[in-house]
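Asker: Next one to model:
(2 chains)
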Amino acid sequence: MATTRSSLSTLANATFAALPRPLHPAAWWGWALSLAVVASVTTNPLLLLLIVAVLVLVVTSRRGDSPFARAFRYYLVLGGVIIAIRVVLHILVGLKTGTILLFSLPELELPSWAAGITLGGPVYLEGLLRAMVEGLRLATIIACIGAANALANPKRLLRAFPGALHDIGTALVVAVSVAPQLAESVVRVMRARTLRGDHRRGLRGLRHIAIPVLHDTLERSIQLAASMDARGYGRRDHATPAAERVTTALTLGGLVVAMLGLYGVFTTVGFSVLSWPLLAAGLLVTWAGLRRAGRLVRRTAYRPDPWAAPEWLTVVSGMVVVAAVLAVRRSTPDALTMPLEPLGWPALPPLAVLGLLVAAAPAVLTPPPRTARAVPRTREPQEVAA
Amino acid sequence: MTLIRLEDVTLTYGDSLGDELAAQPTLRDVRLQVEEGELVLVIGPTGSGKSTLLGLLGGHVPHFTGGLLRGRVEVAGRDLREHRPRDLADVVGVVGQNPLAGFVTDTVEEELAYAMEQIGLPPAVMRKRVEETLDLLGIAELRHASLRDLSGGQQQRVAIGSVLTAHPRILVLDEPTSALDPTGAEDVLAALSRLVHDLGVTVVVAEHRIERVIHLADSIIEVGATGTVRHGSPAEIMADARVAPPVVELARLLHWSPVPLSIRDARRRAARDGSALPSVESAPVESPRPASTAVSAERLVVRYGDVPAVSDVTVGFDTGTVSVIMGRNGAGKSSLLWAIQGSGPRTSGTVRLGTPGSTVPHRGDPADLPPAERRRAITLVPQSASDLLYLETVASECDQADAESGAAPGTCAGLLGAMVPGIDPASHPRDLSEGQRLALVLAVQLTGEPGVVMLDEPTRGLDYPAKAALTRVLRDMVVAGRCVVVSTHDVEFAAGVADRVLVMAEGEVVADGDPHEILVSSPAFAPQVSKVLAPAPWLTVDDVRAALVEAGASR
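Answerer: Residues are numbered from 1 along each chain as shown, chains lettered A, B, ... in the order given. Below is the predicted model:
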């Protein structure tokens, strides 16, 4: 046993547990989206809770100390709120099914055009559990997005944004940076309001807070955009304005066509024959536009995030769990659902559990993030003569 | 070599209809040349077009702001007509007033690299330049730190570093020290002087507090109120500039010529003709005036999480007194003011308004009063004063203030008119100058006739005339029997207004007493006049002028 452990740790040391460095943001996104895919195909509460546990484990052991990393728990809170809303909506207006009666609310008759909606009425355990499980599934998907945000700094991801879409890139960076400041500014203005002896609530009160906050946010956004501009964001050395316009038109036009194609692929209405060719053509044109832009914009990366073994490991661990769950769905589809009619305990398919354990591997096998050392005090307390 | 060349430049922003031809030009017929390696100081009253002139150098004006540019602007041989700010990024570095608002990334190191990434420098060059810049600005130990966690002075040095890494030939700074405490400002200015002397960077810097930079300047550009521009040597411009630092005002008062620009020169000059100065015996004598405590705090503690902002402060403020609180950024000055006013958080301790038998009407704890009643007893003008304004016109803000305070209609407008006459009541509060906006907020806050008035960093962005006006307003309030408490970094302003100075450090009051005693003896807080004329006890040019008049009368 001891030898196994030591050889395992040697392996880990040799391959993965390298010097602290942030993982490539795309690797975390790939991993988190894989888990989101898994969450979307199952209603088995045990598996969903296991996914959340894996997310929490990896986030707590591998997040950095950016403000985004600190925001993970808000995603969890949001998930809890979603479950609660789902349950309350089910009790109030949901279609109640089942046999085990929990309690009964006075039922309201609705006119015939609102058939299918029952206000109040008897609440059954099965229906309630279904609402909870469905809420849990959505909450898990949201937690996956939150984990990706916490593990991969969105600003680092934005660095890879194609320079051809200069204006959109500026808008995205400004949006990502200004959102936390918006919250700060709301707190400040609300405090300032009490100084004027005004703590009106409702629409009028909202206006008194919203206007200074919006002024403030707008001003900051403009300052940030100006700063990015002054520091050369989106500069092109040899491009003429006409060439830039062609590039932007190609990229945006291609994206629009690709979107139309994508819409066609996912819906059955309309131009379904054309959708795949449309998607392909759109992607091709976008690619051409981005390539052109890549040649016009000369940009380099300072200490770029490498794509090495830990990145592969992270992405592959995500793929493994997707494959495992898909295999379970093929062999025993019932294991992925919550048995409601008749009510029973959810199954715990071993293959899926094994897959999720693999997905937890990045928590130990990736390099730890670089954390800022505590900011040292640079100035000694100043001497003040009495 | 000429690096910046402006030929017959006239710049006009559109009026509200967007008609550039009808509006008054912000800059008029500007011709100037700046040579390589110079440090140029740009001065002028608020709203005179200083920022516009600086904006032209980086292409921010008119590419980003709009406006009609006539004439020709050439920066490092590039014509502004064909080059946008991003095309000038490798020759011009621009640093604004608020560094935090301009940061694009999260950590110091990434921020330093950002401009280089956009210019497309090879990674090896970037690594080397980041290290060099970290050392040059003395921020190497902060390399992985989050930008939001830094102090103001550190943030401003990072902002300078973040444009320096692109190796610009010109550095443009718009009031880089306006938000900093004296020590933080010193750090930034020391870094600047190093750049000019060691690297030969051309620096163009605008600054309200001229006394901080003037000894570094090779030449001065004065922007006049009508948009005309004068460029000359510091001595030439300072002989009759409209805005001048205290040392120059002192020289003018004592008819020194040529005008000394540094404390060192002025001290030598003062030593040479000490006879022209009034004798020390006629220095102002403090006349004790009857006062009673207007507000007092006992064992006040304010804590944010684990971090104590104010620790165990017991202090009282008297009627008829201006008390000035000084101290480093983050020393707990704002937290103390907010906690005393009652609208801010307070962890423990008591605050009491008035003393038994005093003339101050409200007693008890302001935090227990409803906000509307609280503001009639004790009021606070916060650091970002414009947070208090939300209506579209000055007139409606004034009417709203009258309604909130239950004052007679026209009270607020009257107060405003007395402080700064001539504000158009129909104008939008955001369009006012920094000083006018502060006056509006002050008028709004004074409408309720509070006995205690507190101001948090009111001098930010104010030029000398505006600060002098604020000093007069505060002195008038004191004469009317109010208690005034001001927190500020601005030593010269404090010297002019204070009856009492408190110094805070790490949430505690470390010194408290007469301004002559506290300010003169501190190396960081001593005003220029006292540095020149020490050991004489005068703090401001007005003190010296009064002493001269008195000496003349007694002769």
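Asker: which helix is the longest one in chain B?
Answerer: The helix that spans the most residues within chain B, counting by DSSP state H, is helix B:464-479.
Asker: Show me the shaky parts of the chain.
Answerer: Because you didn't say which chain, this covers chain A. Counting by pLDDT under 70, chain A shows low-confidence ranges at A:1-18, A:114-117, A:160-167, A:199-202, A:237-239, A:266-272, A:371-386.
Asker: wrong one, chain B
Answerer: B:15-22, B:274-276, B:278-290, B:355-362, B:554-555.
Asker: Might you report the residue contacts of the closest residue to residue B:490 other than its chain neighbours?
Answerer: Leaving aside its sequence neighbours, residue B:490 sits nearest to residue B:459 (C-beta to C-beta, 6 or more residues apart in numbering or on different chains; 4.5 Å). For every residue, glycine as well, the C-beta is placed using N, CA and C. Counting by C-beta atoms under 8 Å, 6 or more residues apart in numbering or on different chains, residue B:459 makes contact with B:467, B:470, B:488, B:489, B:490, B:493.
Asker: Can you classify the spatially most central residue of chain B as helix, strand or coil?
Answerer: In chain B, the residue lying closest to the centroid (C-alpha atoms, centre = their mean) is residue B:460, at 3.3 Å. Of the three states, residue B:460 takes coil under DSSP: H, G, I helix; E, B strand; the rest coil.
Asker: how far does the longest helix of chain B sit from the chain's center?
Answerer: 15 Å (C-alpha atoms, centre = their mean, to the nearest Å).
Asker: same question, stretch B:228-242
Answerer: On C-alpha atoms, centre = their mean, the centre of stretch B:228-242 falls 22 Å from the chain's centre.
Asker: That one: end-to-end distance?
Answerer: 13 Å (C-alpha to C-alpha, to the nearest Å).
Asker: same question, stretch B:296-310
Answerer: 15 Å.
Asker: okay, now residue A:53: neighbour count?
Answerer: 12 (other C-beta atoms under 10 Å in any protein chain shown).
Asker: Oops, could you answer that again for residue B:268 instead?
Answerer: The burial count for residue B:268: 12, using other C-beta under 10 Å.
Asker: which residues touch it?
Answerer: For residue B:268, counting by C-beta under 8 Å, 6+ apart, the contacting residues are residue B:260.
Asker: Need the three-state assignment for it.
Answerer: Following three-state DSSP, the label given to residue B:268 is helix.
Asker: Distance of the nearest residue to residue B:244 once chain neighbours are set aside relative to chain A?
Answerer: Leaving aside its chain neighbours, residue B:244 sits nearest to residue B:238 (6.1 Å; criterion: C-beta to C-beta, 6+ apart). Noted for residue B:238: a distance of 31 Å to chain A, by C-beta to the nearest C-beta, to the nearest Å.
Asker: picking that back up, chain center to the next helix or strand after the longest helix of chain B: distance?
Answerer: For helix B:464-479, the following helix or strand on the C-terminal side (DSSP states H and E) is strand B:483-487. Computed by C-alpha atoms, centre = their mean, the separation of strand B:483-487 from the middle of its chain amounts to 17 Å.
Asker: again, but for stretch A:34-46
Answerer: Centre to centre, stretch against its chain (C-alpha atoms, centre = their mean), the figure for stretch A:34-46 is 15 Å.
Asker: And the contacts of that stretch?
Answerer: Under C-beta under 8 Å, 6+ apart, the answer for stretch A:34-46 is A:47-48, A:51, A:54-55, A:132-134, A:136-137, A:140-141, A:144-145, A:147, A:315, A:318-319, A:321-322, A:325-326, A:329, A:335-338, A:346-348, A:352, A:355-356, A:359.
Asker: Which ChimeraX command selects the buried ones in these?
Answerer: Burial among these is assessed by 16 or more other C-beta atoms under 10 Å in any protein chain shown; the matching ChimeraX selection reads:
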select /A:47,48,51,54,55,132,133,134,136,137,140,141,144,147,315,318,319,321,322,325,326,329,335,336,338,346,347,352,355,356,359
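Asker: if we can go back for a sec, name the nearest residue to the residue nearest to the centre of chain B, ignoring sequence neighbours.
Answerer: residue B:178 (5.9 Å).
Asker: just checking, the one you found touches residue B:461?
Answerer: Yes - the pair residue B:178 and residue B:461 qualifies as a contact (C-beta atoms under 8 Å) at a distance of 6.2 Å.
Asker: Would you mind pulling up the elements that the longest helix of chain B packs against?
Answerer: For helix B:464-479, the packing partners by 3 or more C-beta pairs under 8 Å, 6 or more residues apart in numbering or on different chains; DSSP states H and E come out as strand B:321-327, helix B:434-446, strand B:483-487, helix B:491-497.
Asker: residues making contact with the first one?
Answerer: Okay, so that is strand B:321-327. Residues contacting strand B:321-327 (C-beta under 8 Å, 6+ apart): B:181, B:291, B:317, B:333, B:336-337, B:474-475, B:478, B:483-489, B:491, B:494, B:497-505, B:515, B:525.
Asker: and with 6 Å instead?
Answerer: With contacts defined as C-beta atoms under 6 Å, 6 or more residues apart in numbering or on different chains, strand B:321-327 is touched by B:317, B:333, B:474, B:478, B:484-487, B:494, B:497-505.
Asker: go on, the third one?
Answerer: Outside strand B:483-487, the residues within contact range by C-beta under 6 Å, 6+ apart are B:294, B:317, B:319, B:322-325, B:333, B:452-456, B:474, B:477-478.
Asker: Those: which two are farthest apart?
Answerer: Taking C-beta to C-beta as the measure, the contacts of strand B:483-487 span a maximum distance of 21.3 Å, between B:319 and B:333.
Asker: Those two - which one has more neighbours?
Answerer: More crowded of residue B:319 and residue B:333, by other C-beta under 10 Å: residue B:333, with 28 against 24.
Asker: what's the spacing between that one and residue B:524?
Answerer: 15 Å (C-beta to C-beta, to the nearest Å).
Asker: what does residue B:505 give?
Answerer: Distance from residue B:505 to residue B:524, by C-beta to C-beta: 11 Å.
Asker: same deal with residue B:367?
Answerer: Taking C-beta to C-beta, one finds residue B:367 at 33 Å from residue B:524.
Asker: can you give me the helices for chain A?
Answerer: Under DSSP H, chain A gives helices at A:2-15, A:25-41, A:45-62, A:72-93, A:125-151, A:154-158, A:166-195, A:202-230, A:241-266, A:272-296, A:309-331, A:350-359, A:362-365.
Asker: would CSV of those with distance to residue B:392 be doable?
Answerer: Listed next are those as CSV, based on distance: least, C-beta to C-beta, whole Å:
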stretch, distance to residue B:392
helix A:2-15, 64
helix A:25-41, 44
helix A:45-62, 46
helix A:72-93, 35
helix A:125-151, 38
helix A:154-158, 36
helix A:166-195, 17
helix A:202-230, 9
helix A:241-266, 37
helix A:272-296, 43
helix A:309-331, 53
helix A:350-359, 55
helix A:362-365, 54
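Asker: circling back to that earlier point, quick one, phi psi at the residue nearest to residue B:490?
Answerer: phi -90, psi 0 (degrees, to the nearest 10).
Asker: likewise residue B:12?
Answerer: phi -130, psi 120.
Asker: Now do it: how many residues are near it, please.
Answerer: Look at residue B:12: counted by other C-beta under 10 Å, it has 21 neighbours.
Asker: any idea what sits nearest residue A:173, other than its immediate chain neighbours?
Answerer: residue A:158 (5.7 Å).
Asker: which parts of the stretch 201-350 of chain A sit against chain B?
Answerer: Applying C-beta under 6 Å from any C-beta of the partner chain, we find that the stretch 201-350 of chain A lies next to chain B at A:208, A:211-212, A:220, A:223, A:226-235, A:298-300, A:302.
Asker: 7 Å instead?
Answerer: Within the stretch 201-350 of chain A, the positions lying close to chain B (C-beta under 7 Å from any C-beta of the partner chain) are A:208, A:211-212, A:215, A:220, A:223-224, A:226-235, A:298-302.
Asker: ok, of those, which come out buried?
Answerer: A:208, A:212, A:215, A:220, A:223-224, A:226-235, A:299-300, A:302.
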